[in-house]
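K.L.:
mind folding the following:
(2 chains)
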Amino acid sequence: MAEGASGVDKLRSRIGVEWEPRTYQIESEMVRRFARAVGDANPLWQDGIIAPPTFILAIGFEEFVEDVLSLVSFGTVLMGGTELECYQTIRPGDVITAIFKISNLRERQGEMGKMAFMTFDSTYKNQRQELVAKCRQMVIGY
Amino acid sequence: MTQQLYYEDVIVGGEITPLVKQPTTRQLVMWAGAVGDYLPIHYDKDFAQSRGLSGVIVHGQLVGAFLGQLITDWIGEQGRVRKLSCNYKGMNYPGEALTCKGKVTKKYVEDEHHYVECSLWAENSKGDKTASGKAIVILPSRG
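P.N.:
Model prediction:
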């Protein structure tokens, strides 16, 4: 990949800028499908009563990553880390609004060429405007 | 459902019952569908190798979700996860067993809540820690 060709500057100009909020209607089948994918038989999620804390990972993140990948020509991204803070339990029927932003970006030379180390921060509120969760994801693009 | 864990039952230094996972390529497909992550490094071996990986890899966040299950299995229905963090330090490959483990590092009462902090990690079959993290949970108290 030629220097600068990854379009990382386009991302850099967006550091600290919040993306448009996106709203997600949580259905019990989404929660069950998530729990089945994890292989987690806990009846609290399998019966669609509440969502597990990590269900936050299924809300909006991949759409945001697709937006980021539409701005730069990374071959792929790898997850470096996840930090989740949970304030309210998510239940089927909730309407969750997620807001994402890039809060940090630095580049480093790696084995596969330039690698971008990015920090994505997101907040989630429910239909009562209660803060449900905050999430920070460390993502490596190369 | 496992028996409810209470704050008074927790011993600092005590271990959390390990959780063994056997992620398969099928499970990676299920996870991809559940969260919408269709990056080809998780299903296309040739593509994964073109990005310097030795094959398709387990989604880091799925390993994070395994650590989440380790914790929610342990704290029971009345426990609440307040914080959960995970650093993905090494690659995990489908077909390899992954054992999730944890240890209690701290317990304290603050603002009338009973907090327990734990360190968490996932080990592959060679014993390498491919992910490590931390959880802060709130447990019920026998009062």
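K.L.:
give me the neighbour count for residue 20.
P.N.:
Defaulting to chain A. 7 (other C-beta atoms under 10 Å in any protein chain shown). Quick note: C-beta positions are derived from backbone N, CA and C, even for glycine.
K.L.:
the intended chain is chain B.
P.N.:
Residue B:20, neighbours per other C-beta under 10 Å, totals 11.
K.L.:
can you check the pLDDT for it?
P.N.:
On pLDDT, residue B:20 comes in at 98.
K.L.:
closest point of chain A to chain B, which residue?
P.N.:
residue A:79 (3.2 Å; C-beta to the nearest C-beta).
K.L.:
so what's that residue closest to, chain neighbours aside?
P.N.:
residue B:60 (3.2 Å; C-beta to C-beta, 6 or more residues apart in numbering or on different chains).
K.L.:
show the pLDDT at that neighbour.
P.N.:
96.
K.L.:
count the neighbours of it for me.
P.N.:
25.
K.L.:
pretty sure it contacts residue B:131?
P.N.:
Yes - Residue B:60 lies in contact with residue B:131 (C-beta atoms under 8 Å); the separation is 7.3 Å.
K.L.:
overlap in contacts of these two?
P.N.:
By C-beta atoms under 8 Å, 6 or more residues apart in numbering or on different chains, residue B:60 and residue B:131 have these common neighbours: B:86, B:88.
K.L.:
how about the residues of chain B by chain A?
P.N.:
B:1, B:21, B:27, B:30-31, B:33-41, B:47, B:50-52, B:59-62, B:64-66, B:68-69, B:72-73, B:77, B:80-88 (C-beta under 8 Å from any C-beta of the partner chain).
K.L.:
mind doing that once more with 7 Å?
P.N.:
B:1, B:21, B:27, B:30-31, B:34-37, B:39, B:41, B:51-52, B:60-61, B:64-66, B:68-69, B:72-73, B:77, B:81-88 (C-beta under 7 Å from any C-beta of the partner chain).
K.L.:
which ones are touching the spatially most central residue of chain B?
P.N.:
Centroid-nearest residue in chain B: residue B:67, 1.0 Å away (criterion: C-alpha atoms, centre = their mean). Residues near residue B:67 by C-beta atoms under 7 Å, 6 or more residues apart in numbering or on different chains: B:86, B:100, B:120, B:122, B:131, B:133.
K.L.:
let's go with 10 Å and repeat that
P.N.:
Applying C-beta atoms under 10 Å, 6 or more residues apart in numbering or on different chains to residue B:67 gives the contacts A:54, A:82, B:19, B:84-86, B:100-102, B:118, B:120-122, B:131-135.
K.L.:
likewise residue B:45?
P.N.:
B:25, B:53, B:54, B:55, B:56.
K.L.:
run the last query once more with 6 Å
P.N.:
B:55, B:56 (C-beta atoms under 6 Å, 6 or more residues apart in numbering or on different chains).
K.L.:
what about residue A:27, distance to residue B:128?
P.N.:
Distance of residue A:27 to residue B:128, given as C-beta to C-beta, to the nearest Å: 38 Å.
K.L.:
give me the outermost residue of chain B relative to its centroid.
P.N.:
Most peripheral residue of chain B (C-alpha atoms, centre = their mean): residue B:143, 29.5 Å.
K.L.:
pLDDT weak spots in chain B?
P.N.:
B:1-2 (pLDDT under 70).
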